[in-house]
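Asker: build me a model:
(chains A and B)
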Amino acid sequence: MIQFKEGFYADIRVEDRFSTVIAYQAGVLEEMKNRVEKQAFLRVYDGKLWYYASVTDIEHLQKTLDGLYAAATANPEILKDPIVRKFEVNRDRLSHFEGCSVRDIPLKEKQALLKSYLPLLSEHECIKMSRAKYLDRNSKFTFISSLGADIEYDYQTCGLALSFDMAEGEKQFSGNWQQGGTRFDEAKGHEKEIRASIEEQISFMRNSVPVVPGKYPVVLSPEAAGVFAHESFGHKSESDLMISDESMKEEWQLGKAVGSPILSIVDCGELSGAGFTPYDDEGTKARKNYLIKNGKLAGRLHSAQTASVLNEDLTGNARAVSCDFEPIVRMTSTYIEGGELDFDELIAPIEKGYFIKTIKHGSGMSTFTIAPEVVYEIENGKLGRPVQISVITGSVFETLGLIDGLSKEVVQLSFVTGGCGKMEQHPLPVGFGGPFVRVCEMNVQ
Amino acid sequence: MEKEFIKNTEKKVSLNVTGGKIDSFRQTEKTTGTVRVYENGCIGVAGCIGEPNEEDLTKRAIEALEFGIPYPEKLEGACEMEERHDDEIIPIPEFIPTMQTFLDRLGAECPNFAFSNKIGLQYTSTEYINSKGHRLSHAGGAVYVGLIAKNRGSGNIFDSFLGWKGREFDADMLITQFKKEYDAFFKTVDIEPGRYPVVIEATTILYRFINHFIGELYASGASLLSGKLGEKVFSPKLSFMADMNPLTAPTACFFDAEGCVAKDFRPVFVENGVLKGLLTSKKSADTFSLPNIGSAQAAYDGVPDAGLTGLYFEPTAKSLKELVPGKAIYVVVAEGGDATPDGHYASPVQLAYLMEDGEFVGRLPDLNISGDFFELFGKDYIGTVLDEPMKGDSLSAIMMDVGK
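Answerer: Sure, this is the predicted structure:
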């Protein structure tokens, strides 16, 4: 039983993380392991400074906590501190994955599943090198605070990542396919989908032509739209970088028009998948947060510190990539809400433009960038030949204003590799998604 | 059965900065242990967090042999080496006051910038021992500054960056150098689209092509470099290596995850334009008959794989003025660039300055830069300068297409 001291705020987060990695290269086993790591992150706040410690010895947390208390200075008024007053005091026990935990599935069964997909990677002569991975993670989190918070919840991801390097004559292409879910059974039965994806990427390698750089209408797939929302606007909504400059609140006033009136962007930790965060790492309960609603700035993402400085409500976005780090403001699952069109209606008015089907990565500052992977020309309202594009770029705010069509269909995506990077903390699992999004003009290179 | 034992320790102190003020102090220490055993052409690995118990790890590594992961046993032979560069840089009790004084002075010199993010101290040590008598020991330390600079009132969350890592913290040098950039930031200038010498950390571009240096991809024929090992494929002025030398990479370990030690602690990829090495582990080098230059990495509980920590570009000039006399574009931030399968690179530039004879003239608007892989590091490669004070990495100059 942890003894908290008066005169300080303190909290303790413990993660018991189980993970599996099985990897094959060119059909040969490269890696096969289960890892179990138990770690804790402790915070003490005295109203002036935060004191943090990360430990793997979770049997002696009291000793570590007392060490932090010794470094800090007791503050009789700590409960009146605006940050401390912001903290939610939740008590909850959530177990979504009891009975279907990847901890209970034998390593050999996971290996057999991955092996069953390997023949698909040797069906084509042009595939010169292939890699296949099975990855899972099950985490049990506990969080307690000196205010009385007491939370337990679990988290799970599980999936497959295939990649293949292809060459034929002078043509080369690195392809991939990935499936991310939360249950082991979801990783089964993807043969048809994988085969179709490989064939499409081979066709892309054989037939794609370089783009003529210029400004064109562009239609983004849900994958590209989700990354665009995350990179172009999600990071700007993380308010920790906003509080260092008082003028930011004026510049980013809620209600200000920042995009097309059909555009709404949401961040929500309640969605199942990689971004699932029912409670953040300060014990705040997840909720649906509009960042943009009908083109207007509707909210931003907060920790208790930033919510206190900007005098806004908590959002459940204080997250740490692991118990090595303190929580900072991060996204959970970020997506664009759907519109009213079918895909065919979306591309119908485009005389010449591009459909970005899959992407390699994206980034966003004042200018955002998306590096497309598989792209098709749109000509006279129909999809045409495959095209090679290095990057599509644009000013974030100009581009948000140029969105003029959204599909009804919305897809939420969750991956088992990669994640979001912010300063020293990478990779944080996040979800993203959206509809097919039409932008009337983007800079294509 | 042959065996390797590795122990790693990392101690870190990290300060968080918000609006120029330190608001948190984080102290961490993490030790990991690894045992790898080799028998009948297979590898067994076991790892732990915390003080390693070699006997227990060995037992678990032997059990892991049953997975049947093929790996050649090619352990390094008897040799002992030690490199220690972990003298105390700043006593921990003095770290907060020293850095707050630095931040106050920086803020006074650059009043229109609000500084945030991290300043830290890092000490690392690694011990490697194998059953053939190969014993290596490394200890390094550095102070690092990674501050986001936000122009007050700009509406951006990030306008520039002050990044530095080294063994001797010199606040005067950092402030003086950053002040030059700060002054230029508020003088806007422009250029016509065209071809210009672009001064940039070459890794910004090269990392977009780094997969082409991976041994497996090279051997498969799907790399842009396939079949070119030993050939002159780049400019004769271009030489670059993995940087594991404590002189230029303060916390880097001088040996790789498999105990390999390269000449000058820098495994060579390209020398005078000739492709000399690829990213390999002992396994991939053995499988594909490639040279193993010694840059493998491994998780504490993982099988070694090809990896890379940082690159060192051989300098060709002593100063930026010597490297690019006259007009040049100095790129500070170019996020989000990438390349097509046939090697065409393009990237937006979010922050760049116009330079004249090595001195900042003013800030340029957002730009685009582009070029082709073999030309960027071939006929368009101008050279590299080292020890430009504000940059941890080398700065290279390359002729590029610059647009708006």
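Asker: which residues in the stretch 201-350 of chain A form strands?
Answerer: Ranges of strands within the stretch 201-350 of chain A are A:209-210, A:214-220, A:265-268, A:288-293, A:296-297, A:318-319, A:328-329, A:333-336, based on DSSP state E, counting those that start in this stretch.
Asker: nearest to residue B:165, of those strands?
Answerer: Set against residue B:165 and scored by CB to CB, those come closest in strand A:328-329, at 21.1 Å. C-beta coordinates here come from the backbone N, C-alpha and C atoms, glycine included.
Asker: on contacts alone, who are the packing partners of that closest one?
Answerer: Counting contacts by 3 or more CB pairs under 8 Å, 6 or more residues apart in numbering or on different chains; DSSP states H and E, strand A:328-329 is packed against strand A:318-319.
Asker: briefly note if the strand it packs on comes near chain B.
Answerer: No. Strand A:318-319 does not reach chain B (CB under 8 Å from any CB of the partner chain); its nearest approach is 13.1 Å.
Asker: what helices or strands is that strand leaning on?
Answerer: Secondary-structure packing of strand A:318-319 (3+ CB pairs under 8 Å, 6+ apart): strand A:328-329.
Asker: direction included, what does the strand it packs on pair against?
Answerer: Strand A:328-329 has its sheet partners listed here by DSSP bridges as strand A:318-319 (antiparallel).
Asker: returning to that earlier point: can you redo the strands of the stretch 201-350 of chain A as TSV with mean neighbour count, mean pLDDT and distance to residue B:308?
Answerer: Formatted as TSV, the strands of the stretch 201-350 of chain A follow (neighbours: other CB atoms under 10 Å in any protein chain shown; pLDDT from 0 to 100; distance: least, CB to CB, whole Å):
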stretch	mean neighbour count	mean pLDDT	distance to residue B:308
strand A:209-210	12	94	29
strand A:214-220	21	96	32
strand A:265-268	26	98	34
strand A:288-293	19	98	36
strand A:296-297	18	96	41
strand A:318-319	26	98	28
strand A:328-329	24	97	27
strand A:333-336	28	97	31
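Asker: which bits of the stretch 201-350 of chain B sit near chain A?
Answerer: Residues of the stretch 201-350 of chain B lying close to chain A by CB under 8 Å from any CB are B:211, B:216-217, B:219-224, B:226, B:301-303, B:305, B:333, B:335-342, B:344-348, B:350.
Asker: now the stretch 301-404 of chain B against chain A: closest residue?
Answerer: When distances are taken as CB to the nearest CB, the stretch 301-404 of chain B reaches nearest to chain A at residue B:336, 2.6 Å away.
Asker: can you tell me how far residue B:209 is from residue B:268?
Answerer: Per CB to CB, to the nearest Å, residue B:209 is found 17 Å from residue B:268.
Asker: coming back round to it: in strands, which of the residues of the stretch 201-350 of chain B next to chain A appear?
Answerer: Cross-referencing these against strands under DSSP state E gives B:305, B:333, B:338, B:339, B:344, B:345, B:346, B:347, B:348.
Asker: out of those residues, who's the most crowded?
Answerer: Within those, neighbour counts (other CB atoms under 10 Å in any protein chain shown) peak at residue B:347, which reaches 29 neighbours.
Asker: tell me the pLDDT of that one.
Answerer: For residue B:347, the model assigns a pLDDT of 91.
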